[in-house]
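need coordinates for the following:
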Amino acid sequence: MSNLIKFEGFNVEFLTKEDVNFYFEGNILFHGGQTSDLLNYSNSRKAIGDHVDEESKHLVKNSDVTNRDFRKLNNAGETFITEDGIIDLIYNSKLPKAKAFKKTVKRVIKQIQVTGRYDEVENQITQIEDETEKALRQKVYAFENVIKVTPSDMFAMVGLSTAKSELESYLSRVRLEEVNDKIDYLDSKVKKATVLREGDLSPEAVARKYNIFSINDNPHPKFAECLARELNLYIKPEGNAGYQDDYVSVNFTDRNGVTVPLLKYSKKAVELFDEYIEENGLKLDEPPKYFVRGSKKGSYDYTYMRFSQHDIAIKVNETTYKLYSKLK
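Just a heads-up that it's a prediction; the model follows:
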């Protein structure tokens, strides 16, 4: 039935001047009970009696309805209300969605004023964003309307069958594309990760193991990278595919919508770190820098830990300095 407004799971029937054989104010009559239910009134009869003026209410019987496609009403008739009446019910409703329903009602009224009709199915079809799907559904609906008027129209029946097949075929292709897109997405997620290796240490864990701290007193995030570069073990994360060898593993993860790498170092790599430190030590600039003014004047500020082969250096805090300084 086209004389229908659908709103958040509720249906509200309406009648236009062309659907009835009596005069009423405005362009549309809305089913009073269905409107009251949508607006969450506990007693629809009381709500209509309390909030809708008598001249805005009409008891409509089957003998009043000229639209043969409209459903059969109760024998005693059913209450329909005018545009003013439905606005009164909306205004007195405490339901938050009442304002949104008011916009829908106004849209329906405006369309009927302009075109003389409102079709909920057509309205839903026009809101479809996919232009191909929209055109195919309009084609199906047009043939369905022809068959309603002329059930024996063979041309319309064949056209409807063909249109439905075209629509289903198109929707199947769209669904397949959506599935493939999901597969591609999952595949990209898999490529971002390698098998996690037991015992691998993050750069922070490596720094904590050797007590290498930044001037903020946190495990230094660049220390492990510097050692790995000295030993030619470092792998620069590129792209978004995971990587793993005997010394380094690279995984990727999404952080706030951005793909970021997660490097870890294996037990073999850490053993090489141990050997390097035992053989070469860790070189610090001597003496360290001290604060020259303010409340911290004369106290430790920072010093550099240097790595010779790649001419790189990191700032370290006093704890690290005292542990590795040759002047202690």
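
hey, let's count contacts and neighbours off CA atoms from now on
Fine.

other residues contacting stretch 222-240?
188, 191-192, 203-204, 206-207, 212, 247-248, 250, 252, 259, 261, 269, 272-273, 307-310, 312, 314 (C-alpha atoms under 8 Å, 6 or more residues apart in numbering).

buried members of those into ChimeraX, please.
Buried members of these, defined by 16 or more other C-alpha atoms under 10 Å, are picked up in ChimeraX with:
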select :192,203,204,206,207,212,247,248,250,252,261,269,272,273,307,314
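
looking at the contacts of stretch 222-240, which are in strands?
248, 250, 252, 259, 261, 307, 312, 314 (DSSP state E).

how close does the first one get to residue 271?
By that I understand residue 248. Distance, residue 248 to residue 271, by C-alpha to C-alpha, to the nearest Å: 13 Å.

over to the third one?
With distances defined as C-alpha to C-alpha, the gap from residue 252 to residue 271 amounts to 25 Å.

residues contacting residue 167?
Going by C-alpha under 8 Å, 6+ apart, the list of residues near residue 167 reads 133, 136-137.

make that residue 67, sorry
Counted by C-alpha under 8 Å, 6+ apart, residue 67 has contacts 18-20.

hmm, try it at 10 Å
By C-alpha atoms under 10 Å, 6 or more residues apart in numbering, the residues touching residue 67 are 3, 15-16, 18-21.

again, but for residue 141
Contacts of residue 141 by C-alpha under 10 Å, 6+ apart are 121-122, 125, 135, 147, 160, 163-164.

what strand or helix carries it?
helix 131-149 (DSSP states H and E).

model confidence over that helix, on average?
In this model, helix 131-149 carries a mean pLDDT of 81.

then stretch 102-121?
79.

what does stretch 198-213 give?
Stretch 198-213 comes out at a mean pLDDT of 92.

how long is it end to end?
25 Å.

state the pLDDT value of the most centrally placed residue in the chain.
Central residue of the chain (C-alpha atoms, centre = their mean): residue 257, 12.5 Å from the mean position. What the model reports for residue 257 is a pLDDT of 73.

got the phi and psi for it?
phi 80, psi 0 (degrees, to the nearest 10).

now do residue 50
Taking degrees, to the nearest 10 as the convention, residue 50 sits at phi -80, psi -30.

can you select the buried ones from the contacts of residue 67 in ChimeraX?
To isolate the buried subset of the contacts of residue 67 in ChimeraX, counting by 16+ other C-alpha under 10 Å, use the following:
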select :3,15,16,19,20
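
least confident pick among the contacts of residue 67?
Lowest confidence among these: residue 3, with 84.

any buried residues in the lengthiest helix in the chain, and which?
Secondary structure of the chain per DSSP state H: the longest helix is helix 154-191. Buried positions in helix 154-191, judged by neighbour count with 16+ other C-alpha under 10 Å: 156-157, 159-160, 163-164, 166-167, 189-190.

centre of the chain to it, how far?
Relative to the centre of its chain, helix 154-191 is centred 22 Å away, using C-alpha atoms, centre = their mean, to the nearest Å.

now do that helix and helix 131-149, the angle between them.
150 degrees (axes from the mean of the first three to the mean of the last three C-alpha atoms, to 10 degrees).
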